[in-house]
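Visitor: Take a look and give me a structure for this.
(chains A and B)
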Protein chains: 2
Amino acid sequence: MHELTRELFVKNDSKIVMLVADGLGGLPLEPGGLTELETARTPNLDALAKRGVQGGSIPVAPGITPGSGPGHLGLFGYDPLKYQIGRGALEATGIGFELGPNDVACRGNYCTLDAQGNISDRRAGRIPSEESAPLAAVLRNVKVPGVEVFVEPVKEHRFVAVFRGPGLGGHVHDTDPQAVGVPPLDPAAADPASQKTADVAREFVAQARKLLADQPKANGLTLRGFSPRPSLPSYEEVYGLRAAAIAVYPMYKGLARLVGMDLAGKAQTLGEQLDVLAEKWNDYDFFFIHFKYTDSTGEDGAFQAKVARIEELDQVIPRVTALDPSVLIVTGDHSTPSYLKSHSWHPVPTLLVSNCCRYDGLEAFGERQSLRGGLGQFEAKHLMTLALANAGRLGKFGA
Amino acid sequence: MHELTRELFVKNDSKIVMLVADGLGGLPLEPGGLTELETARTPNLDALAKRGVQGGSIPVAPGITPGSGPGHLGLFGYDPLKYQIGRGALEATGIGFELGPNDVACRGNYCTLDAQGNISDRRAGRIPSEESAPLAAVLRNVKVPGVEVFVEPVKEHRFVAVFRGPGLGGHVHDTDPQAVGVPPLDPAAADPASQKTADVAREFVAQARKLLADQPKANGLTLRGFSPRPSLPSYEEVYGLRAAAIAVYPMYKGLARLVGMDLAGKAQTLGEQLDVLAEKWNDYDFFFIHFKYTDSTGEDGAFQAKVARIEELDQVIPRVTALDPSVLIVTGDHSTPSYLKSHSWHPVPTLLVSNCCRYDGLEAFGERQSLRGGLGQFEAKHLMTLALANAGRLGKFGA
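Guide: The predicted structure follows:
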């Protein structure tokens, strides 16, 4: 698809806003009931529905439940089956560590080793974050010649290690043996180009063991999910768009950075995100606004709280439309039904408004309405092409 | 898609039932009329529709009419354009001959040869099955050193030959010259690995000619569609499912065997099939139930008879739901409109019921309802992924 958009994109003064309500789609609590979105009082979204076009966005493929990574890559127009982000790289992205082209990232677990060096607890008793965070600072004392080493704390027994240097291939096997009573595995290259990385990792582990030797629980570590920086073409390259991300959480900022968006502002609330949108309006062509709480309330199984978060989102819609975007999209990266307390595969209600969308006569925004909408059911990866088209930013294919 | 399902499947105690009404989809006899399914009185299917989700299953691709092979492979989640079953292998499968890994199957036609050895009738006057069946027994007397030879009668002038032995490649050109007045072609290998197969086929033909020399019409033969056993990964491998097929006809049992399903019971009627379902309920995770007569009545152009068969199917639905399957799917491998007296390309009304399907508010099961259903129109190959998702048997893709 990007082969087409690269060839066809044109530039103009249009503005595109993609408002992503994470985990927007839902389910009723019982057959015949209403979903969270259908329950919510959303006069502003419903007003948009009356002049827009709706559809159901399939994040990856029918039946496939995506994580945040594939969910957002799809919305950004990057085929999530083609662009798979390694676990280490996603973990680094998720804590806001910006990977460079010479970086290899991996996920680390602190573990407990017995006197023989065998693992007695693969998660070091799930030590609390307050105890594990200072250990990252300790591990930063590891020195490997010719390579920069970064260690960042994650939650509980987890951390991220990044090795930066020339000639570091990204494919090293996990050192977690997935068992207790045996020692951690030696880092082993999965291809010849990653031999140096395996050597660096071995040296890192050896020094780390000495630095952690006196720890009561976290006296060892395992490394998993070695992966290079994902190589994604940028929004500028494939769409000709200067793009800004207005997000609060590191994961979504990181995903936006992977496709070359600028991070705009330092908003901590939805209101502040809208402030940033207005401030930066003249500086960018495309704005990705991420709203987290429709997902987290869904994950909690808190139906009414999710309804309230949707209503909160509805309330700021007039602040977006006041800027008169050429194209306004409201969607989600996946469904997170409170009923399931988890991400799900169900299509995500998606609304697109422009002065040349073919409006479909629907009166409200919701799961059942979106079934009858003019966008039909479509794979998320096509949404950006629709956005560009509605913004007058795509030329004709063929003569 | 199987790369994903292999990676993501999880096991649990759920039960999935896929009830395939062969050729289910139909057409009205005149514009504005009702289809067979819409005409049928189906209170039980309609009750399922009220708590399920509908859609239109596209067997292969828009406009493509499938045979039974691709139709079922699609429903089983095997891309029918990727997994093409050779003609000989399908013919063997269709008569219940279970191919082994060292087998090459081909379709045979008896033909009539004149005194010069030229073909005067490519189908031996379409001799009736009663006359041709004993010829298969005659041909079993062919002896080829190091190779087992199987010959099985099919309808009229047709038979199946299977050569079993080590080193038999599956690619030999047809010997039917598609013309009269010329002799049958010599079996010729289409690749070096199939030279031995071509030699075996040549010896088979030479001996067969002697054995058939006194036949008034069927004194010669041609061989077509040489093909090895199709290599399909099993349901256990790609879905983690213990699967059972409850079918009456050899073709459907054979297709189920190709994807590693067990053949359960010896049912001859729909009622007996439901008996088997109940008996085997605890032994399997997935049940494929095949109902033939919606197709055969469609092929006959017998609109009312097809309506009656659909009503017969509706009557057993309570026996399925009494078992409380986690996921119940009612679909067909393709449409067989009585109006066309043949298979067709039209999307097949498909109904999925689970406790986490996003029900779509429809009140009945039928072609027009399915157009407005929550599954939209989808390629049949995605149905198994949806089934697994609804059964809680698929993990999350990406973090």
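
Visitor: Please make it C-alpha for all contacts and neighbour counts, starting now.
Guide: Noted.

Visitor: and residue A:19, which of the three is it?
Guide: Here residue A:19 is recorded as strand under DSSP: H, G, I helix; E, B strand; the rest coil.

Visitor: Which residues of chain A lie near chain B?
Guide: Chain A comes close to chain B at residues A:27-28, A:31-32, A:61-70, A:84-85, A:87, A:90, A:340, A:343, A:345-346, A:368, A:371-372, A:376-377, as judged by Cα under 8 Å from any Cα of the partner chain.

Visitor: Among those residues, which lie within helices?
Guide: Cross-referencing the residues of chain A next to chain B against helices under DSSP state H gives A:68-70, A:87, A:90, A:368, A:371.

Visitor: PyMOL command to pick out the buried ones of these?
Guide: Typed into PyMOL, the next command selects the buried ones out of these (criterion: 16 or more other Cα atoms under 10 Å in any protein chain shown):
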select buried, chain A and resi 68+69+70+87+90+368+371
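
Visitor: packing partners for the lowest-mean-pLDDT helix or strand in chain A?
Guide: Ranked by mean pLDDT, DSSP states H and E, the weakest helix or strand in chain A is helix A:87-94, scoring a mean of 89. On a contact count with 3 or more Cα pairs under 8 Å, 6 or more residues apart in numbering or on different chains; DSSP states H and E, helix A:87-94 meets strand A:103-113, strand A:158-164, strand A:220-228, helix A:250-258.

Visitor: Now render those as TSV, adding mean neighbour count.
Guide: Listed next are the helices and strands packed on helix A:87-94 as TSV, based on neighbours: other Cα atoms under 10 Å in any protein chain shown:
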stretch	mean neighbour count
strand A:103-113	26
strand A:158-164	24
strand A:220-228	25
helix A:250-258	23
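
Visitor: can you redo the ones you listed as JSON lines with mean pLDDT?
Guide: Formatted as JSON lines, the helices and strands packed on helix A:87-94 follow (pLDDT from 0 to 100):
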{"stretch": "strand A:103-113", "mean pLDDT": "96"}
{"stretch": "strand A:158-164", "mean pLDDT": "96"}
{"stretch": "strand A:220-228", "mean pLDDT": "95"}
{"stretch": "helix A:250-258", "mean pLDDT": "91"}
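
Visitor: Tell me which of these lies nearest to residue A:300.
Guide: Taking Cα to Cα, helix A:250-258 is the member of these nearest to residue A:300, at 19.0 Å.

Visitor: neighbouring contacts of the next helix or strand along the chain from that closest one?
Guide: Going down the chain from helix A:250-258, the next helix or strand is strand A:262-263, by DSSP states H and E. With contacts defined as Cα atoms under 8 Å, 6 or more residues apart in numbering or on different chains, strand A:262-263 is touched by A:243-247, A:253, A:256-257.

Visitor: With distance to residue B:56 as added columns, please give those in a markdown table.
Guide: Shown next, in a markdown table, are the contacts of strand A:262-263 (distance: Cα to Cα, whole Å):
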| residue | distance to residue B:56 |
| --- | --- |
| A:243 | 38 |
| A:244 | 39 |
| A:245 | 38 |
| A:246 | 39 |
| A:247 | 38 |
| A:253 | 39 |
| A:256 | 36 |
| A:257 | 39 |
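
Visitor: what about residue A:67, neighbour count?
Guide: If you count neighbours by other Cα atoms under 10 Å in any protein chain shown, residue A:67 ends up with 18.

Visitor: hey, where'd the helices end up in the stretch 201-350 of chain A?
Guide: Assigned by DSSP state H, counting those that start in this stretch, the helices in the stretch 201-350 of chain A fall at A:235-239, A:250-258, A:270-279, A:293-299, A:303-321.

Visitor: State the mean pLDDT of the last one.
Guide: In other words, helix A:303-321. Averaged across helix A:303-321, pLDDT comes to 98.

Visitor: so what does it touch, helix or strand wise?
Guide: Contacts defined by 3+ Cα pairs under 8 Å, 6+ apart place helix A:303-321 against helix A:36-39, helix A:43-51, helix A:270-279, helix A:293-299.

Visitor: could those be laid out in a markdown table, adding mean neighbour count and mean pLDDT?
Guide: Output for the helices and strands packed on helix A:303-321, formatted as a markdown table (neighbours: other Cα atoms under 10 Å in any protein chain shown; pLDDT from 0 to 100):
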| stretch | mean neighbour count | mean pLDDT |
| --- | --- | --- |
| helix A:36-39 | 24 | 98 |
| helix A:43-51 | 20 | 97 |
| helix A:270-279 | 17 | 98 |
| helix A:293-299 | 25 | 96 |
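
Visitor: Adding distance to residue B:364, write these out as a markdown table.
Guide: Converted to a markdown table, these look like this (distance: least, Cα to Cα, whole Å):
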| stretch | distance to residue B:364 |
| --- | --- |
| helix A:36-39 | 23 |
| helix A:43-51 | 28 |
| helix A:270-279 | 43 |
| helix A:293-299 | 31 |
